[in-house]
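Novice: Based on what follows, work out the 3D shape:
(chains A, B, C and D, ligands or ions: 4)
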Amino acid sequence: MALLKVDDLTVTFGGTPALDKVSFAIGKGQRFGIIGESGSGKTMSALAIMGLLPEGATATGTLIFEDAALPEDEAARAKLRGKRIGMVFQEPMTSLDPLQKAGAQVAEAMILAGHTADVRTDVETLFREVGLEPAHAARYPHQLSGGQRQRVMIAQALAGKPDLLIADEPTSALDLITQRRIIDLIDRLCTERGMALMFISHDLRAVAALCTKIMVVRRGKVVEMGDKLDVLGHPKQDYTKLLLAAGRHRARTLMRAPIGADLLAVRNLTRRFRQPDVSIFEPRPPLLALDDVSFSIRAGESLALVGPSGSGKSTLARIIVGLDRATRGELEFDHQIYHGPDLPRAARRDISLVFQDPFGSFNPRLTIGESVSEPLRPEHGAEFDDLSKRMVEIVKAVGLSPDMLSRYPHEFSGGQRQRFAIARALVTRPRLVVLDEPVSALDVSVRGEVLVLLNRLRADFGLTFLVISHDLDMVRIVADRVMVMDKGKIVETGTPATLLEKPQAALTKELIAAALPDIGIVPVL
Amino acid sequence: MIWFTAQKLLGLIATLLVAAAIIFVALDLLPGDPARFILGINATPDSVAALQQQLGLDRPPLERFVGWIGGMFSGNFGVSYSQGVPVGELIAGRLAVTLPLTILAMILSTIVGLPLGILAARKRGSVADTGLMLLAQLGVAVPNFWFGMLLVLLFAVTLHWLPPGGFVPWYENPLGSIASLILPSLALALPQAAILARVMRTALVDVQGSDYIRAARAKGLTMSEAVWRHGVRNALLPVLTILGLQFAYLVAGTVIVENVFYLPGLGRLIFDAINARDLILVRSSIIILVLAVIATMFITDLCYAWADPRLRDRRGE
Amino acid sequence: ADAAPRTDLRIGLVLEPPALDPTAGAAAAIDEVVYQNVFEGLTRIDQNGAVQSALATSWDIAADNLTYTFHLAPNVTFHDGTSFDAEDVVYSFGRITAADSVNAQKGLYAVITDVKAVDAATVSITLAHPDGLFLFDIGRGDAVIVAPESEGTNATKPIGTGPFKFVNWQKGASLALEAYANYWGTKPTLTKVTYVFISDAGARVNALLSGDIDGINNTDASTLPLFANNPQFKVLVGSTEGETLLVQNNARKPFSELKVRQAIAHALDRKEIIAGASSGYGVPIGSHFPPHNPDYIDLTGTYPFDLDAAKTLLAEAGYPNGFEATIKLPPVPYATLGGQIIASELSKIGIKLTQVNVDWNQWIGDVFTNKDYDLTIISHVEPFDIGIYADPNYYFGYNDPDFQAIIKTLNETTDEAARKELLIAAQKRLAEQAVNGFLFELPQTGVWNAKLEGMWPNAPVEGVVLTGIHWVE
Amino acid sequence: MSTTDAGPQRPTWLQHPSLRIGVIATLLFLLLGFVSIVWTPYPIEAVNVSDAMKDFSLTHLLGTDHLGRDMLSLVMKGTLTSFIVAAIAVVIGALIGVPFGLAAAAWGGPAEWTILRVNDFLFAFPALIIAILITTLFGPSAINAMIAVGIFNIPVFARVARGGALSLKTLDYVAAARLAGLGGIEIARRHILPNITSLIIVQATIQLAMGILAEASLSYVGLGTQPPATSLGLMLKDAQTYALLRPSLAIIPGLTIIFIVVALNLAGDGLRDLLDPRLRRIGAARGAA
Ligand SMILES: Nc1ncnc2c1ncn2[C@@H]1O[C@H](COP(=O)(O)OP(=O)(O)OP(=O)(O)O)[C@@H](O)[C@H]1O
Ligand SMILES: Nc1ncnc2c1ncn2[C@@H]1O[C@H](COP(=O)(O)OP(=O)(O)OP(=O)(O)O)[C@@H](O)[C@H]1O
Ligand SMILES: [Mg+2]
Ligand SMILES: [Mg+2]
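Specialist: Numbers count the residues shown, from 1 in each chain, chains lettered A, B, ... in the order given. Ligands and ions are numbered 1, 2, ... in the order given. I've put the predicted structure just below:
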């Protein structure tokens, strides 16, 4: 019989529904996965079960936990939270009290659940269990990395030994390797404790790897629900099919521009950052974001740069485009030496950057057109209508219509914005385009299109790409050559084929291992 | 933390020196002659000259500036032109009134403002909330000298509970001294309490919507438990900054309130000294005021760093 | 009710004295605390402005009116116990007339050529020329007798021979005196007197109403109605030596024109000015002389309030449609209020006034010292100061040989009848010349607890003389 | 301070209670003030002592003051002066403070440090003292009040501008602009300023309210507006000795001040609520400043 039974759950915000008559059940020890694009109502369903819906949200429908309806009254509900149902939240960075040490926060959860015996040692064991060192208990949240925080959160959720663990996208904010570790952790704990799991994600593979039953939601409605093998094996709904298709992007064969001489050469590049001391007692040496990096990109080539979070990828990108200054070393862009901001004016238009986050990269108060045309402003020589002609051309090229230019950013979806971001990067007809995780902020469903677009543009305009990513599949598609970076050092270089099949460096191996198995294949965990 | 403190301290000293220079120059520009003012309109020119020479007004500015700064470090502020008494003494005497006054006002505003702010935030949208916030609006809007007059009319003139003003020296009767500070500090505290209540409310409202409160509830805390255990501490951080800033407003307020309640405070000292062109006195009094304010800001910064581990690690502004 | 009447007193003062040595500062507040209370002179002025004996019980004047011989009171001691004798007198006057003297009224005593102790109880003073006001002048606060031992510390810890001795001074708040046990003269009934300094007018009212102070000898006339019909208080309205004037810069066009001055005189409605600037208290004056003085004559009718006359005079003077001028106003109610009223009165004859409010320093600097002004309003509180009009360099800028002649003879005359004639002539001359706009004699407006008696209603000299004040049940 | 979390659809300003009340009331007072430029029931220079301190009546709706001037006319003119003084003070503060704040945020390092120090100093310097000093230089006048309060406003605006700029500085679109080759000033004008104007407007309304209070205080101690001109503060000063004889003389200007300040604050809070909650927080903290 079911541990949790949800019937016709509806959540509305002042009339607009976030969840619409959702019904599902989770059995004891069962692993239940929910997937769906951003904004589809995944989090709301979890919060509704926890009784933590934000103000202004009204929920209807029945929630039955062990044959008893979950109580409305806050106090009674609170008794269930933690002890019976634990939850891991989507935002590890903000979900811990910044003023309290990690250990104390976990201990609190324990005491609340009634385990008052010898909390200190229990916390230590729990920390070990989730893969933290006991020393971390004495740290404040801001002194922990994202992955570590997420582990603290999990420890917190487990402290009350709940029967049901709700994990709301516990990994989406983390880098590949950490992601995999957390997923493995959750998997292990569930098996060890025989805990039921409600796992929320928009990453098909994560769900596939963890869950036995899957529910697909879209715009607050259940699209499809059933056994993992059925849903993933032979989906009935088009939306599910689309998701699956996007999930496994197939490398498309592309005609590529001929590869020429060195366009950009990077020599012994080093970037140091002064970094705050953890405390008076733990002073930290300056952080080497880039440590003596040397490589070169040839004209027409597409070079991929992969590496775990914090390995220095963005820093390198920022220096190449001239946003940041190298502490040591130099760059050479067709025979012009520079070190970052001193990139010659003339060369500026030949190098452009596509930002990681399409939402932050447009000024909300300017029309898309104004933003996209911004790089053209300094060009005094060019004729006005010539410029406008170029705009139209480029906007068409990214597959959007010029009349959109007069609209404002908030009127566009993430995918569209990213296209405009690419348009802005290309409007000056650059030769080298640096793309910092161009798709990682986008929904799976649109990632594919953008990648295809990139490949096409590269062919049409004969561009040179430096693509930053930690998504190996993407690398397979777009890159001629792959560079693996770790802790500011380049640890390995090679063609996707060789490097991904026979990795040399430990990190590369780890990265590849971390990549979740392809959907369809039942994971051996 | 050490680095943080050191850097803040450096800032404090720098600010003070800037202040000293600006004040000295500004005051030297002032027209009017202390000697002439002391002797009045029937004095003969030679007696005026005699007095100027006695007061050392005829020495060059730079010499006087260096003398002043040097004196300050050795705690010697020079001798007042108009009163012929060591400036240090005068200021000390006045601080014995102004300091307790501001501190009392600060305490009052805090113990009134914060709880009300918390109450309003917890009962957000309720009648209590709206009522409190309307009161707060009024509190901010009432000119404190005007409010002071009302207080006197009620508590001194009509009810005879408290003195209408004046100050009983501490050494004579401490209780009396406190009594004579109650009404003034009330007048000072009202607007500050109102502001505090509003800031506290906003801060707590923001915190209540935060992820970690939600996470704390997920651990098994009820909303109010979560707010008390995790919310209030976090909400107090912005309030702390305001507390620091408030001191400046209180100090500014004293100048007026001391007039309404004829208290022998630093504000009135400056006021009268400027009218008597007793520059040497004005200069040092103002520096003391500035010092007081900056020092409070400094202390708040430290408290802030102490209360917020994140700030401790960040190297200050 | 308690049997014995109270013997303590709390008096309000508008301004706090900067220091307490009356021989080294002009501030009226100094005299209000110490004059005749802590310090005494050879003579003293009584509440009718007449000269009385003080430390000098009697004196003889030589026939040539140049040498005065003073016989000092016996067994007088200073508050520090040191005894008072002729040497102290010689020392005190020496200090006043010395080259490096910082006495505010040094000019008045310039006439003294020699002071010497005939014996321990006798002093003789010699003058350069006869001076009708000499006995009065040495009765002022500026000529009180100080002891060489304590002279240096009088500013903060005054030591005199008076009926009250200094106890303590809480700077900015209050100052306490107590009766001096070994006072040589008739002992006062009050034993403890506290002066409370309250500069804020509103606060003064509250202090009186709440009984924080028992009285104040001079406060804003505007608050009197509040106390006038309140049985707990008595309002004492008396006279001061302050002639309140609309001062005109006689050295400057157009005020150098007699007709213009006359026109202004015609345009001033004293009744309204007194009502508005002084809440109706204060006696109108027609010249620079106090009405309560026996030698006073009423000249208010010289140029009666008459706008038509004023207009015609202006026209004759060549200003048919008036002119513009600025009026600089010191920070006192009678000036700021009077300024507004006069501005609106003169506007009726086409004279547009720009009102400029200045603080005392600026007034002393711009108006009094640099004579850079058209008009100003000020009350001249010096007793017998009609002589200032004889000084062509005075800030009035009034240079009139005839008047100067009158004053010269006056100063050398000691015969009472003759002096009276001269004084009347002087008053007339000023009135006719309309040197200044003569507005009203500044009233002394005191408010006291109804149970208090013996306060001076008038202020012939600056000061609050405590000797007579006592409580009645 | 009313609305809850910004829901999916924000209320427009008309739906927002405190903003509506605040703005309308403010406009009414402004109207009252500006009318007085062209018309007042009686000229306030016209002293007529004979009918001083008259009671409310049809001829004098709010009675007359101690010089027989019509109170209504005085309130109208007084409101105007108070507004003008406060407004100019705000302009001074914003025109100097904002650029400094932006500069501090843009340059960082020693420049920022210095600016912050000067800020602290200005802040530690009570407006009243500034006013006293200026007065001793140029004599008391409404102008001094403006300058004094204006100087006092500078650090406030500098802080706000800096805070806002810092939060925007790291955004990608600013980086994008730099890549596009825009200069610092250009970026500030095109990307930073437009995004912090809302913040600054909110601050301005708050400072306006404080300015009106400050003007009142200054005039009350005789350092502000001077007769024959008048301001609400000056009216309070004049009334202080008559307060008990004829309370209306003190109550009318007092209440007017309170109403105006409340109106302005309501408007400010309302605006803040309408804006991005992120800005709301910063604004709230400044609420005290
Ligand atoms: N506080 C709120 N006020 C109004 N609408 C909200 C609020 N929180 C969420 N929503 C709406 O509810 C819907 C569901 O939100 P929810 O967070 O559950 O999506 P999600 O599936 O978790 O998306 P993601 O994968 O990005 O977390 C969204 O359309 C969102 O706009
Ligand atoms: N402005 C800065 N000040 C201090 N440290 C910085 C700064 N920018 C980056 N770092 C540090 O430099 C290291 C590399 O940062 P970078 O953003 O290049 O990593 P990344 O590879 O882009 O990570 P991600 O994949 O998450 O974007 C990180 O440890 C980061 O904390
Ligand atoms: Mg979610
Ligand atoms: Mg990055």
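
Novice: can you tell me how far residue D:181 sits from ligand 2?
Specialist: According to C-beta to the nearest ligand atom, to the nearest Å, residue D:181 stands 22 Å off from ligand 2. In short, each C-beta sits where N, CA and C put it, glycine included.

Novice: What ranges does the stretch 101-250 of chain C have for its strands?
Specialist: Taking DSSP state E, counting those that start in this stretch as the test, the strands found in the stretch 101-250 of chain C are C:112-119, C:122-127, C:164-170, C:174-179, C:192-197, C:215-216, C:233-248.

Novice: Which of these sits closest to residue A:225?
Specialist: Among the strands of the stretch 101-250 of chain C, the nearest to residue A:225 by C-beta to C-beta is strand C:164-170 (85.7 Å).

Novice: Distance from the closest one to the middle of the chain?
Specialist: 24 Å (C-alpha atoms, centre = their mean, to the nearest Å).

Novice: Paired strands for that strand, with orientation please.
Specialist: strand C:174-179 (antiparallel) (DSSP bridges).

Novice: got the buried residues for the strand it pairs with?
Specialist: By neighbour count with 16 or more other C-beta atoms under 10 Å in any protein chain shown, strand C:174-179 contains the buried residues C:174-179.

Novice: Closest one to chain B out of those, please.
Specialist: residue C:174 (6.9 Å; C-beta to the nearest C-beta).

Novice: and the closest residue to that closest one other than its chain neighbours, bridged to which residues?
Specialist: Leaving aside its sequence neighbours, residue C:174 sits nearest to residue C:196 (C-beta to C-beta, 6 or more residues apart in numbering or on different chains; 4.9 Å). For residue C:196, the beta-bridge partners are residue C:12, residue C:174 (DSSP bridges).

Novice: Next, the contact list for residue C:196, please.
Specialist: Applying C-beta atoms under 8 Å, 6 or more residues apart in numbering or on different chains to residue C:196 gives the contacts B:166, B:262, C:10-13, C:173-174, C:207, C:212-213.

Novice: Now do the lowest-mean-pLDDT helix or strand in chain A: which elements does it pack against?
Specialist: One helix or strand of chain A scores below all others by mean pLDDT, DSSP states H and E: helix A:238-247, with a mean of 76. In terms of contacts (3 or more C-beta pairs under 8 Å, 6 or more residues apart in numbering or on different chains; DSSP states H and E), helix A:238-247 is packed against helix A:204-210, strand A:213-218, strand A:221-227, helix A:444-461.

Novice: how would you label residue 46: helix, strand or coil?
Specialist: Went with chain A since none was named. Counting by DSSP: H, G, I helix; E, B strand; the rest coil, the backbone at residue A:46 sits in helix.

Novice: Can you tell me which residue of the stretch 201-350 of chain C sits closest to ligand 3?
Specialist: Proximity of the stretch 201-350 of chain C to ligand 3 (C-beta to the ion) peaks at residue C:202, 62.9 Å away.

Novice: Was I right to think residue D:273 contacts residue D:19?
Specialist: Yes - if you go by C-beta atoms under 8 Å, residue D:273 and residue D:19 touch, sitting 7.3 Å apart.

Novice: Up against chain C, what does the stretch 1-150 of chain D have?
Specialist: Within the stretch 1-150 of chain D, the positions near chain C by C-beta under 8 Å from any C-beta of the partner chain are D:45-47, D:49-50, D:52, D:66-68, D:135-136, D:139-141.

Novice: In chain C, which helix is the longest?
Specialist: helix C:416-433 (DSSP state H).

Novice: Just the C-alpha atoms of it, please, in CSV.
Specialist: Extracted C-alpha coordinates of helix C:416-433, given in CSV (Å, rounded to 0.1, in the frame of the first residue of the first chain):
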residue,chain,number,x,y,z
GLU,C,416,21.3,120.8,38.1
ALA,C,417,19.0,123.6,36.7
ALA,C,418,21.5,124.4,34.0
ARG,C,419,21.9,120.8,33.1
LYS,C,420,18.1,120.4,32.8
GLU,C,421,17.9,123.3,30.3
LEU,C,422,20.7,121.8,28.2
LEU,C,423,19.2,118.3,28.3
ILE,C,424,15.9,119.6,27.1
ALA,C,425,17.6,121.6,24.3
ALA,C,426,19.4,118.4,23.3
GLN,C,427,16.2,116.4,23.2
LYS,C,428,14.5,119.0,21.1
ARG,C,429,17.4,119.2,18.6
LEU,C,430,17.4,115.5,18.0
ALA,C,431,13.6,115.3,17.7
GLU,C,432,13.5,118.2,15.1
GLN,C,433,16.4,116.8,13.2
